[in-house]
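Participant: Dropping the sequence and predicted coords here.
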Amino acid sequence: MGRGERINQEAWPDSGPHLVLLKLLDRVHVDNGTKSRREIATAMNLGSATRVNEMLTGASLPVDDRQLDALVAALGGGEDDRRDARR
């Protein structure tokens, strides 16, 4: 599949734990080839890339640790990245 776009950071909060998580997700995304939202959604078994976009742009959070782990893994992150994301 084709290379995806960088995460739009315009709606990110100015500070706080949500910003820390979004920065981590952005780093994992870039470090692992900037997968498309469709590739990420497919890897997470989601029917739509819209949900992925919402999580990556800060419009909403993963619903639980399982979804967060799946997102980080779909971005190409390893166990260390998943552990850091849960913090």
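Facilitator: It's in.
Participant: what helix or strand does L22 sit in?
Facilitator: helix 17-31 (DSSP states H and E).
Participant: Check which helices and strands the following helix or strand past that helix is in contact with.
Facilitator: Next along the chain after helix 17-31, taking DSSP H and E as the criterion, comes helix 37-43. Packing partners of helix 37-43 (3 or more C-beta pairs under 8 Å, 6 or more residues apart in numbering; DSSP states H and E): helix 49-57, helix 65-75. Using the backbone N, CA and C atoms, a C-beta is placed for each residue, glycine as well.
Participant: rewinding a little: what is the helix holding L22 packed up against?
Facilitator: helix 49-57, helix 65-75, helix 79-86.
Participant: End to end on stretch 67-81, go ahead and measure it.
Facilitator: From its first residue to its last, stretch 67-81 covers 14 Å (C-alpha to C-alpha, to the nearest Å).
Participant: What average pLDDT does it get?
Facilitator: When pLDDT is averaged along stretch 67-81, the result is 97.
Participant: cool, and stretch 19-30?
Facilitator: Across stretch 19-30, pLDDT averages out at 96.
Participant: buried ones in it?
Facilitator: Of all the residues in stretch 19-30, those buried under the rule 16 or more other C-beta atoms under 10 Å are 21-22, 24-26, 28-29.
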